[in-house]
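following is a predicted model, sequence given first.
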Amino acid sequence: FLTDSSFYKVGVEVDLPLFGNAIDFLARDTFDLSLSEFDEAYRAEFKLVTVNELPLDVAIQGYFLDENGMVLDSLFEMSSRVVQGAAADSEGISTGTSEEVTFADFPEERFNRIRATERLEIVALFSTVNEGEGQQNVKLLARQGIALKLGAIFGRRSE
């Protein structure tokens with residue numbers, strides 16, 4: 001039976017899609033990265049693997065920061081689209097994934113500039129498909145995402 005002090009407690013989770021278009025929507029994150037343990041390295045080649053489930057093109061730039069947050073160098077010579085958006089249907093919902101692999105070479109002189117790196121700042125610019133013109137409206141859903149994996153191969157002189 002119910003009284004005037006009875007109540008029900010209900011928890012509801014709602015997933016509302018984001019619908020629209022974007023030109024250079026910026027997202028930024030910083031990660032700890034120390035290159036000091038690679039004393040014997042004299043060069044590096046960074047490999048960025050990007051898997052994109054979003055119907056958005058993504059341009060990425062990385063900045064190597066010292067302990068004071070000063071920029072030592074950038075990952076790429078210039079920010080450019082590293083992965084195109086996943087194909088979208090007529091309703092703007094992505095229908096697959098898009099994957100790209102991008103390399104950044106750091107010969108000895110350039111590698112020496114980033115030796116004091118303490119953090120890596122990743123800056124991503126998102127734009128709707130259509131060559132970055134932002135003309136196509138798309139839906140972004142909670143189950144969609146983008147994955148970035150950054151690795152490096154270091155060169156070492158033989159003795």
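Noted; the coordinates are in hand. Numbers count the residues shown, from 1 in each chain.

going by C-alpha atoms from here, please, whenever you check contacts or count neighbours.
Fine.

so what's Ser80 bridging to?
Ile60 (DSSP bridges).

can you pull the contacts of Val58?
Neighbouring residues of Val58 by CA atoms under 8 Å, 6 or more residues apart in numbering: 81-85, 124-127.

tell me the gap between the helix or strand of the chain with the lowest mean pLDDT and the middle of its chain.
Every helix and strand of the chain was ranked by mean pLDDT, DSSP states H and E. The lowest is strand 80-83, at a mean of 78. Distance of strand 80-83 from the chain centroid (CA atoms, centre = their mean, to the nearest Å) equals 10 Å.

hang on, the earlier thing: weed out the non-buried ones from the contacts of Val58.
Among the contacts of Val58, those classed as buried by 16 or more other CA atoms under 10 Å are 81-85, 124-127.

ok, of those, which one's closest to Gly155?
Val82 (24.6 Å; CA to CA).

pretty sure that closest one is touching Gln61, no?
No - Val82 is beyond contact range of Gln61, at 9.2 Å (criterion: CA atoms under 8 Å).

what residue ranges in the protein score low on pLDDT?
For the chain, the stretches with pLDDT under 70 are 1-2, 129-135, 159.

please, where are all the strands along it?
18-20, 25-32, 41-52, 56-65, 71-74, 80-83, 98-106, 119-128, 138-140, 146-156 (DSSP state E).

mind putting the ones you listed in a markdown table, distance to Arg113 included?
Converted to a markdown table, the strands of the chain look like this (distance: least, CA to CA, whole Å):
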| stretch | distance to Arg113 |
| --- | --- |
| strand 18-20 | 41 |
| strand 25-32 | 17 |
| strand 41-52 | 11 |
| strand 56-65 | 9 |
| strand 71-74 | 6 |
| strand 80-83 | 22 |
| strand 98-106 | 10 |
| strand 119-128 | 14 |
| strand 138-140 | 39 |
| strand 146-156 | 15 |
